[in-house]
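**Q** any chance you could fold what I've pasted below:
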Amino acid sequence: MKRFFSSVVLALSFAALPLASRAATLDAPLLCNESGHQFIADLAQQQMIDPKPMRVESNSINAFSPAQGAELTAFGFRVFAVVGYEKDDPMFRVGDGEPVAQSAYGVVVFGGESKVQNAIAGAGSTAIVHHVAPLVTAIFCKRS
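**A** Numbers count the residues shown, from 1 in each chain. Model prediction:
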């Protein structure tokens, strides 16, 4: 009986553990020193994002979801969407309007615009900070 109880406790302990998660901080790429292709391709290769965009904006920005079990952060803020575009790159779908830039990428995080702006400035990033909604902010790099 003791052996059975130990086995049950052990099995329940493993069942209570969360699925293996992968964590990554995106601070370095968001210093805006790479292309949209490189940023998205690296995350897709590491299986940190779903390689198929969940949405394509009219300006051709492709929005990707973090992969199941992936925990992405940027400058201490939790990422809930990754965005990117590279002109003439088959990895990206084209929207029906004018593309935002030749190459662009970034993330959408949970955090107020001023806090995100302070974190970006403190890191020395040239990223653009854009208010999306209350406590939702985009961090965006682009090359014309």
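**Q** going by C-alpha atoms from here, please, whenever you check contacts or count neighbours.
**A** Noted.
**Q** what strand or helix carries the closest residue in space to Phe64 that isn't next to it in sequence?
**A** Spatial nearest neighbour of Phe64, chain neighbours left out: Pro53 (4.6 Å); criterion: C-alpha to C-alpha, 6 or more residues apart in numbering. Using DSSP states H and E, Pro53 sits in no helix or strand.
**Q** got the contact list for the residue nearest the centre of the chain?
**A** Nearest to the mean C-alpha position of the chain, by C-alpha atoms, centre = their mean, lies Val82 at 3.6 Å. Neighbouring residues of Val82 by C-alpha atoms under 8 Å, 6 or more residues apart in numbering: 49, 63-66, 105-108.
**Q** out of those residues, which two sit at the greatest distance?
**A** Largest separation among the contacts of Val82 by C-alpha to C-alpha: Pro66 and Tyr105, giving 14.4 Å.
**Q** these two: which is more packed in?
**A** Legend: neighbour count by other C-alpha atoms under 10 Å for Pro66 and Tyr105, higher for Tyr105 (29 against 20).
**Q** average pLDDT across the lengthiest strand in the chain?
**A** Assignment by DSSP state E gives strand 77-86 as the longest strand of the chain. Here strand 77-86 scores 97 as its mean pLDDT.
**Q** for it, which strands pair with it and how are they oriented?
**A** In the sheet, strand 77-86 lines up against strand 62-64 (antiparallel), strand 70-74 (antiparallel), strand 103-110 (antiparallel) (DSSP bridges).
**Q** restrict it to CA atoms and write it as CSV.
**A** Below are the C-alpha coordinates for strand 77-86, written out as CSV (Å, rounded to 0.1, in the frame of the first residue of the first chain):
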residue,chain,number,x,y,z
PHE,A,77,7.4,43.4,-20.5
ARG,A,78,5.5,40.3,-21.5
VAL,A,79,5.1,39.9,-25.3
PHE,A,80,1.8,38.8,-26.6
ALA,A,81,2.4,39.4,-30.4
VAL,A,82,5.4,39.5,-32.7
VAL,A,83,5.3,41.5,-35.9
GLY,A,84,7.4,41.8,-39.0
TYR,A,85,7.7,42.4,-42.7
GLU,A,86,10.4,42.3,-45.3
